[in-house]
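Q: next input, structure requested:
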Amino acid sequence: MIGTTSVGEKLIQIRESRNLSQAQLAERSELPEDLIKQIESGDFIPSLTPLIKIGRALGVRLGTFLDDVENLGPIVNRKGQLAKAVRFAGKSKASSGELDFHALAQNKSGRHMEPFLIDILPATDKDYPLSTHEGEEFMYVLSGQIEIFYGKDRYQLEEGDSIYLDSIVPHHVHAFGDAAARILAVVYAPF
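A: Numbering: from 1, shown residues only. So this is what the prediction gives:
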């Protein structure tokens with residue numbers, strides 16, 4: 001699912017370039033050291049929240065974990081030629097209810113936003129863990145229907161609907177019903 005360099009491999013490269021141990025990174029990111037080890041080994045595919053915390057602790061933006069080469073010019077994505085998907089799920093094996101992220105600004109240097117096309121698979125497990133991180137998110141439904149738990153509220157969106165939310169409020173995005181959905185999402189996470 002991931003391009004030439006996995007998220008774990010990229011994390012190792014960045015951590016080692018900063019001369020940090022796994023324990024030091026865990027302390028700085030306020031995450032368990034075991035989680036850092038699992039991400040680096042590829043045994044655990046993290047959701048966005050831990051990656052944002054790790055990125056902040058390393059002084060890099062979220063997209064750095066997806067980039068291979070920095071590009072100063074514009075990034076053009078042609079119809080039918082999406083970047084390979086990166087699955088963010090918090091699980092080591094594929095299952096339903098996961099999110100496949102197609103980066104739309106991969107390798108763009110100095111960016112402040114992270115645009116994605118996200119394929120959302122229908123969930124079989126209805127236990128939706130809420131996540132929270134600094135920043136903002138914009139989502140536009142391209143196909144299917146999604147449901148968003150946002151704090152104590154719940155929103156159902158269908159094709160053509162959009163939502164702009166503060167990511168610091170606990171939230172979860174998932175397909176609504178038995179069909180997959182596709183959204184355009186733009187994530188801003190300061191570091």
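
Q: where do the helices of this structure begin and end?
A: Shown for the chain, the helices assigned by DSSP state H span residues 7-17, 22-29, 33-41, 48-58.

Q: can you list these in CSV and add mean neighbour count and distance to His102?
A: Where you see a C-beta, it was placed from the backbone N, CA and C, and this is true even at glycine. Formatted as CSV, the helices of the chain follow (neighbours: other Cβ atoms under 10 Å; distance: least, Cβ to Cβ, whole Å):
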stretch, mean neighbour count, distance to His102
helix 7-17, 17, 15
helix 22-29, 17, 26
helix 33-41, 17, 21
helix 48-58, 22, 14
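
Q: next, format these as a markdown table and append distance to Leu157 and mean pLDDT.
A: As requested, the helices of the chain are exported to a markdown table (distance: least, Cβ to Cβ, whole Å; pLDDT from 0 to 100):
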| stretch | distance to Leu157 | mean pLDDT |
| --- | --- | --- |
| helix 7-17 | 28 | 88 |
| helix 22-29 | 32 | 94 |
| helix 33-41 | 31 | 92 |
| helix 48-58 | 19 | 86 |
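
Q: dump those helices into JSON lines; add distance to Pro170 as well.
A: Below are these laid out as JSON lines (distance: least, Cβ to Cβ, whole Å):
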{"stretch": "helix 7-17", "distance to Pro170": "23"}
{"stretch": "helix 22-29", "distance to Pro170": "19"}
{"stretch": "helix 33-41", "distance to Pro170": "19"}
{"stretch": "helix 48-58", "distance to Pro170": "10"}
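
Q: looking at the ones you listed, which is closest to Leu82?
A: If you check each of these against Leu82 by Cβ to Cβ, helix 7-17 wins as the nearest, at 17.8 Å.

Q: the inter-axis angle of that closest one versus helix 33-41?
A: If you take axes from the mean of the first three to the mean of the last three Cα atoms, to 10 degrees, helix 7-17 sits at 110 degrees to helix 33-41.

Q: contacts for helix 7-17, please.
A: Contact with helix 7-17 is made by 5, 22, 25, 36, 39-42, 45-46, 51, 54, 58, 60, 64-67, 86, as judged by Cβ atoms under 8 Å, 6 or more residues apart in numbering.

Q: okay, and the helix or strand of the chain with the least pLDDT?
A: For the chain, scoring each helix and strand by mean pLDDT, DSSP states H and E identifies strand 86-88 as the least confident one, at a mean of 62.

Q: poorly predicted segments of this structure, please.
A: Residues of the chain meeting the criterion pLDDT under 70: 1-5, 67-73, 77, 83-97, 191.

Q: just give me the residue closest to the centre of this structure.
A: Here the mean C-alpha position of the chain is nearest to the C-alpha of Leu48 (Cα atoms, centre = their mean), at a distance of 3.9 Å.

Q: enumerate every residue touching that one.
A: The neighbours of Leu48, taking Cβ under 8 Å, 6+ apart as the test, are Leu62, Phe88, Ser131, His133, Val187, Ala189.
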